[in-house]
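[1] Below is the sequence, then the predicted model.
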Amino acid sequence: MLPIADFLARADALEQEAAAAFAAVQDPSSLADARNAYLGRTHSARAALKEMLGAVAGADKPVAGRRYNEVQQRLDGLFDEAQARVRATSAAAPGIDASLPARRVWQGTVHPVSQVIDEIAEIFRELGFTIALGPEVESPWYNFTALNFPADHPAMDLHDTLYLDTPGVLLRTHTSPVQVRTLQQYAPPVRVLAPGNVFRRDFFDATHAPAFMQLEGLAVDEGISFADLKATLTHFVRRFYGPAVPVRFGPSYFPFTEPSAQMDVRIDLQDGKGERWMEIMGCGLVHPAVLESAGIDTERYSGWAFGMGPARIAMSRHGIPDIRSFYDSDIRFLEQFA
């Protein structure tokens, strides 16, 4: 059995040693050393004193226990004081201004192509258009046949279209199938804007991508003419590029429109070559065969449609020479459009 006098003497000595040790603490490292030496659960001065408490005779246990609790509270207090002192010293250290705001957390932003789609959609929403979506995995009937493609059209070949292993299934090559699906579901008048991903067997170069976004517009109603098409698209260009931007329409060909046209704008592509004409979309009056495929009475209704690539529109607006920049996920490039 341990005499009570020996236990009390060790308790007094421990308090004095701990007070000196915690008073010498100057930084987080020395604070951690003092805590481990005196407050650790094992192999510390407090743990050793607890073992001595167990060796005290039973009659002296109440006195020894009270003294042990006093020492334990004293050690905790010494640690708290030393910790507060270290924190105060660190906050006031030269070169550190604790009042400065924290480093700003990096936040993502909308992709520049998505920004263009949103802006175009807002312009057409003001004209009464709504958003229409369709599946990216399509059947040849919706992707080609219903859109008046002849059976031997080269776009249907394997070198242009991505066919899946399942027979009669492909990845859509344009968003035009949404036209047919919309007209099958809703009776005219119809005014929709159809954004979405499309897929083609194109080489990935400065102006082409095998997977890209396309934006399609469709209007079907009684008495619609080419004049409506020109007026609507001219309004869009003047809203998007500026009120003074020249526009022109030239003849073109698409199986699903007749007559067909391409729309050009005269803008500065910011490449040092000045203003020049640039094609931004194809358009035309919806071919009667397409309307009939959707079950629309062509004697009563007519319509017009257009299609554009938002990535190329973004390139023309921001002077970006290579479409691959939109696919690189380079933060240094994308944060310019935040």
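    Done, it's in. Residues are numbered from 1 along each chain as shown.

[2] just the helices in the chain please.
    For the chain, applying DSSP state H gives helices covering 4-23, 28-39, 45-55, 61-91, 112-125, 140-143, 177-185, 226-240, 288-293, 310-318, 331-334.

[3] Out of these, the one nearest residue 134 is which?
    Nearest to residue 134, of all the helices of the chain, is helix 177-185, at 3.9 Å by C-beta to C-beta. From N, CA and C alone the C-beta is placed, and that goes for glycine too.

[4] neighbouring contacts of that closest one?
    Here helix 177-185 makes contact (C-beta atoms under 8 Å, 6 or more residues apart in numbering) with 132-134, 138, 142-143, 146-147, 190, 192, 194, 196, 216, 218, 220, 256, 286, 290-291, 293-296, 305.

[5] One more pass at 6 Å, please.
    132, 134, 138, 142, 143, 146, 192, 194, 218, 293, 294, 296 (C-beta atoms under 6 Å, 6 or more residues apart in numbering).

[6] What is the most widely separated pair among these?
    138 and 296, at 20.0 Å, using C-beta to C-beta across the contacts of helix 177-185.

[7] returning to that earlier point: wait, which of the helices of the chain is closest to residue 273?
    So among the helices of the chain, helix 310-318 is nearest, using C-beta to C-beta, at 13.0 Å.

[8] Which elements pack onto that closest one?
    helix 112-125, strand 211-221 (3 or more C-beta pairs under 6 Å, 6 or more residues apart in numbering; DSSP states H and E).

[9] how about the nearest residue to residue 150 once chain neighbours are set aside, phi and psi?
    Once flanking residues are discounted, residue 150 sits nearest to residue 255: 7.2 Å by C-beta to C-beta, 6 or more residues apart in numbering. Dihedral angles of residue 255 (phi, psi; degrees, to the nearest 10) stand at phi -60, psi -30.

[10] my guess is residue 255 meets residue 151, correct?
    No - contact between residue 255 and residue 151 fails when scored by C-beta atoms under 6 Å: they sit 11.4 Å apart.

[11] Outline the domain layout of this protein.
    Under the assignment automatic domain parsing, the domains of the chain span 4-91, 112-337.

[12] Dump those domains to JSON lines, plus mean neighbour count, distance to residue 101 and mean pLDDT.
    Shown next, in JSON lines, are those (neighbours: other C-beta atoms under 10 Å; distance: least, C-beta to C-beta, whole Å; pLDDT from 0 to 100):
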{"stretch": "domain 4-91", "mean neighbour count": "15", "distance to residue 101": "15", "mean pLDDT": "85"}
{"stretch": "domain 112-337", "mean neighbour count": "17", "distance to residue 101": "20", "mean pLDDT": "91"}
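
[13] Dump those into a markdown table; add distance to residue 105 as well.
    Below are the domains of the chain laid out as a markdown table (distance: least, C-beta to C-beta, whole Å):
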| stretch | distance to residue 105 |
| --- | --- |
| domain 4-91 | 22 |
| domain 112-337 | 14 |
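
[14] Next, count neighbours for residue 1.
    Counted by other C-beta atoms under 10 Å, the residues lying close to residue 1 total 9.

[15] which non-adjacent residue is nearest it?
    Nearest to residue 1 is residue 57, by C-beta to C-beta, 6+ apart, at 4.5 Å.

[16] Confirm for me that the one you found is in contact with residue 2.
    No - look at residue 57 against residue 2 with C-beta under 6 Å: they stay out of range, at 7.6 Å.

[17] Just to check, residue 308 is in contact with residue 283?
    No - Residue 308 is beyond contact range of residue 283, at 8.8 Å (criterion: C-beta under 6 Å).

[18] Residue 255 versus residue 286, what's the distance?
    To residue 255, residue 286 is 11 Å away according to C-beta to C-beta, to the nearest Å.

[19] try residue 193
    For residue 193 relative to residue 255 (C-beta to C-beta), the value is 21 Å.

[20] With residue 277 instead?
    Counting by C-beta to C-beta, the gap from residue 277 to residue 255 is 25 Å.

[21] ok, now residue 182?
    Distance from residue 182 to residue 255, by C-beta to C-beta: 18 Å.
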